[in-house]
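In: Have a look; sequence and predicted model below, questions after that.
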Amino acid sequence: WLHVMSRGIDSELDRAAAWVKQHDFQRVSVQVPDEFLQDAARAIARLTSALPGRKVFLLGDSAYGSSSVDEVGAEHYGADCIVHLGSSDQEHAGSLPVLFIS
């Protein structure tokens, strides 16, 4: 996924970093589907590099399924927002802001 679409995903991760900066989020949760967890380190590293001084962490719990937003998990870590990578239903009724990147 990330390794196949490296150019496209890099620009999407740059867009995510800009979104985080625009809204001054400080604690950023990144959610990826289980099948792409092996590629998550690269995404986290890129976002961490682009967002110095901010906390960027991975939500790797699959309790909510890969396409649903895990707002409960993000709230447990005190997240300000969620960057959801990969396929999703793009439905979210919670209070945390979510940026969907597919």
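Out: Everything's here; your move.

In: What is the burial count for G78?
Out: Other residues near G78 come to 11 when the count uses other CB atoms under 10 Å. Glycine gets a C-beta too; all of them are placed from N, C-alpha and C.

In: packing partners for the helix or strand A45 falls within?
Out: When secondary structure is defined using DSSP states H and E, the element that contains A45 is helix 37-50. Counting by 3 or more CB pairs under 8 Å, 6 or more residues apart in numbering; DSSP states H and E, the packing neighbours recorded for helix 37-50 are helix 6-23, strand 27-31, strand 55-59, strand 81-85.

In: got TSV for the ones you listed, with mean pLDDT and mean neighbour count too?
Out: Compiled in TSV, the helices and strands packed on helix 37-50 are given as follows (pLDDT from 0 to 100; neighbours: other CB atoms under 10 Å):
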stretch	mean pLDDT	mean neighbour count
helix 6-23	87	15
strand 27-31	95	24
strand 55-59	93	19
strand 81-85	92	24
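
In: Out of those, flag the one nearest V72.
Out: Of all these, it is strand 55-59 that lies closest to V72, at 9.7 Å by CB to CB.

In: mind giving me JSON lines with the helices and strands packed on helix 37-50 and columns for distance to Q38?
Out: Written out in JSON lines, the entries for these read as follows (distance: least, CB to CB, whole Å):
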{"stretch": "helix 6-23", "distance to Q38": "14"}
{"stretch": "strand 27-31", "distance to Q38": "14"}
{"stretch": "strand 55-59", "distance to Q38": "12"}
{"stretch": "strand 81-85", "distance to Q38": "13"}
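
In: Surely L96 is in a strand?
Out: No - following the definition DSSP: H, G, I helix; E, B strand; the rest coil, L96 is coil and is not counted among the residues of a strand.

In: ok, it touching C81?
Out: Yes - distance between L96 and C81: 5.9 Å, which falls inside the contact criterion (CB atoms under 8 Å).

In: Could you tell me which residues touch both of these two?
Out: Any residue near both L96 and C81 by CB atoms under 8 Å, 6 or more residues apart in numbering counts here, and that gives A74.
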